[in-house]
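Student: pasted the sequence and its predicted model underneath.
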Amino acid sequence: MKNPLRLSLAGGIAILVAAGSLLLHAEAGAAEFAREAVLKPCSTCHSDRFLSGPYEEWKNSTHKDLVNADDPRSPARRDVCVSCHTAQGFAEGKTKTAEIPNPLPQTCVACHSIENHGKVPAYVRLYGRITLPDKVTIANAGTGAVCMACHNSRRDVTDDDIYKDQGAPHGSPQADMLKGSGALEVAGYRYANSVHTTIENGCVTCHMAQPLAGAEKVVGSHTFKVSSKAPNGEIQNTNACVGCHRKVEAFNRPAVGDFDGDKAIESVQDEVKGLLEVVKKAVEERIDGGKGGTFADSHGKVVFKGKDGKNIKPESVPKAQYIAGYNYFFVLNDKSNGIHNTSYAVQLLQSSYQNLAGKPVPNAYIR
Ligand code: HEC
Ligand code: HEC
Ligand code: HEC
Ligand code: HEC
Ligand code: HEC
Ligand code: HEC
């Protein structure tokens, strides 16, 4: 029996209502978690045995930490950031840090909702339909919808103000990448998507797959990791892939062509890393009217600097340069190096290069 409480708690509506008010009354320091504090709202009804598996895994996930917990400017302590960076902001809709004296990270209650008990699979807070910041809707995200509510670019590329502000995609554009939208697409270029766009339950199917034998609590399930840099070498949870790709020993699948034009057909991830370098170099060479410089993803903006280290004014940055910079960070910040959506990642980088340089990536297989 999966849930030993199922019988004893049948018809627990009254308890459900009462428990709602217990939500998040957990007292915990910023980054310190007593097991007690994290499990409290759930353990008012559920047994320890039911909760301990997910808890032990979750403890090994980055969701147990607040980003930059010790920094007074941590996103857990800024009004505009708490909607994703604290459980209270996400689960209870609190928008002011003043209402969140003890910010908690992505705890059980962030993703699971007591109100949704019995309504949707795994009783996740958000299920099925989700709209991304650029108003693109994913109708069938399944349990992955709850991930996508936080793991998105935070930018609306359909709003022309983005060119004025020179916004950068947030460090988490995975939902946009998986869907194949939300980047600054080059006019006239035709973009395609990987079959991964249609995977049932999206993120959850790969990131919460059963762990490989021997790698329990290291990858898979509530660690949310598909890979881990364990002390004895990297572990890749190929259980995330084998349901569909019969022969997968590692994520680094051979690419169908030489996307970066280095005259060798490597794996998808290495081709995408190579292409990121090609685009980066092409941008850097053209900064400051061809004098050269650097660019960075800084405080939510793509910032271009000349060789003298001074910021170039946004209005002096050619549009093609900004587009290439945005798309570079879109692919980089996605962090899967092309696995989430190979076609979209490769095409974004190749089209950004062509738009900037006036010619396709030299020697490359163009998608
Ligand atoms: C008010 C009591 C109550 C609280 C609080 C509660 N649950 Fe539940 N939960 C239940 C009951 C009752 C069931 C089984 C009945 C059912 O399937 O609807 C259940 C079932 C579940 C299931 C499905 C298990 C299965 O095998 O199908 C999950 C997952 C779950 N709860 C997670 C949580 C999490 C996580 C929390 C804390 C955020 C939580 N619950 C808090 C009462 C509660
Ligand atoms: C980041 C989101 C997220 C967080 C945080 C999270 N869960 Fe889950 N949980 C899920 C999703 C999604 C599923 C469905 C997994 C699947 O379908 O394979 C799930 C499934 C479950 C289940 C069903 C049985 C199982 O193991 O698959 C239980 C029980 C559960 N969670 C308890 C917890 C507890 C306890 C915590 C806190 C320690 C927690 N969850 C934290 C997203 C989350
Ligand atoms: C409430 C917002 C929120 C939700 C919901 C959420 N995440 Fe996260 N996730 C974060 C934040 C914030 C971080 C960064 C945590 C850190 O670095 O301390 C993160 C980190 C991660 C990481 C680790 C990245 C790394 O660099 O190691 C993975 C993988 C991940 N999330 C996957 C998921 C999946 C899968 C789901 C859905 C089941 C999910 N997340 C739901 C906010 C969220
Ligand atoms: C829409 C949800 C959302 C909002 C709002 C949000 N973040 Fe994040 N942020 C995330 C997620 C998800 C991650 C984890 C990304 C990953 O690990 O891939 C993250 C990661 C980060 C990181 C870790 C570095 C990185 O880029 O991976 C920093 C720093 C950060 N956010 C700062 C902020 C600040 C500052 C704000 C407010 C101005 C903010 N965030 C608002 C979702 C959000
Ligand atoms: C087809 C399976 C698959 C799907 C679907 C998927 N991912 Fe991934 N994800 C991966 C792989 C593989 C990597 C690369 C891991 C590596 O190179 O070690 C990755 C990397 C990541 C990372 C960076 C992790 C790190 O350790 O740096 C985050 C965060 C992430 N994915 C979140 C998500 C979210 C959120 C979704 C849903 C919008 C999603 N993923 C959908 C397979 C998947
Ligand atoms: C739900 C099924 C499903 C899952 C799970 C899945 N894939 Fe795929 N993937 C496909 C299908 C179907 C294709 C398109 C046909 C092909 O290329 O084999 C594809 C395509 C790809 C491509 C793109 C090749 C290209 O050039 O377009 C890569 C890379 C890839 N998968 C890697 C992975 C990895 C790594 C995992 C596990 C982390 C994974 N996939 C999990 C179904 C899946």
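Tutor: Everything's here; your move. Residues are numbered from 1 along each chain as shown. Ligands and ions are numbered 1, 2, ... in the order given.

Student: list the contacts for the closest residue to residue 192 other than its chain neighbours?
Tutor: Excluding the flanking residues, the one nearest residue 192 by CB to CB, 6 or more residues apart in numbering is residue 343, at 4.4 Å. The C-beta positions use only the backbone N, C-alpha and C, and glycine is treated the same way. Contacts for residue 343 (CB atoms under 8 Å, 6 or more residues apart in numbering) come out as 180, 191, 192, 193, 194, 367.

Student: and residue 343, what element?
Tutor: Element membership for residue 343 (DSSP states H and E) is helix 342-357.

Student: over to residue 205?
Tutor: With DSSP H and E as the criterion, the answer for residue 205 is helix 203-207.

Student: burial of the nearest residue to residue 51 once chain neighbours are set aside, as a residue count?
Tutor: Closest residue in space to residue 51, ignoring its immediate chain neighbours: residue 39 at 5.3 Å, by CB to CB, 6+ apart. If you count neighbours by other CB atoms under 10 Å, residue 39 ends up with 22.

Student: related to what we said a few turns ago, how far does the helix holding residue 205 sit from its chain's centre?
Tutor: Mean C-alpha position of helix 203-207 versus that of the full chain (CA atoms, centre = their mean, to the nearest Å) differs by 12 Å.

Student: quick check, the following helix or strand past that helix touching ligand 3?
Tutor: Using DSSP H and E, the helix or strand that follows helix 203-207 towards the C-terminus is strand 227-230. No. For strand 227-230 and ligand 3, the contact criterion (CB under 6 Å from any ligand atom) is not met; the two come no nearer than 8.9 Å.

Student: strand 227-230 near ligand 5 anywhere?
Tutor: Yes. Using CB under 6 Å from any ligand atom, we find that strand 227-230 touches ligand 5 at residue 227.

Student: now do that strand: which elements does it pack against?
Tutor: Judged by 3 or more CB pairs under 8 Å, 6 or more residues apart in numbering; DSSP states H and E, the packing partners of strand 227-230 are strand 233-236.

Student: let me see the mean pLDDT of the next helix-or-strand element following the strand it packs on.
Tutor: The first helix or strand that comes after strand 233-236 along the chain, using DSSP H and E, is helix 239-242. What helix 239-242 shows for mean pLDDT is 95.

Student: what is the neighbour count of residue 266?
Tutor: Neighbour count for residue 266, taken as other CB under 10 Å: 17.

Student: how near is it to ligand 3?
Tutor: Separation of residue 266 from ligand 3 (CB to the nearest ligand atom, to the nearest Å): 23 Å.

Student: good, wrapping up.
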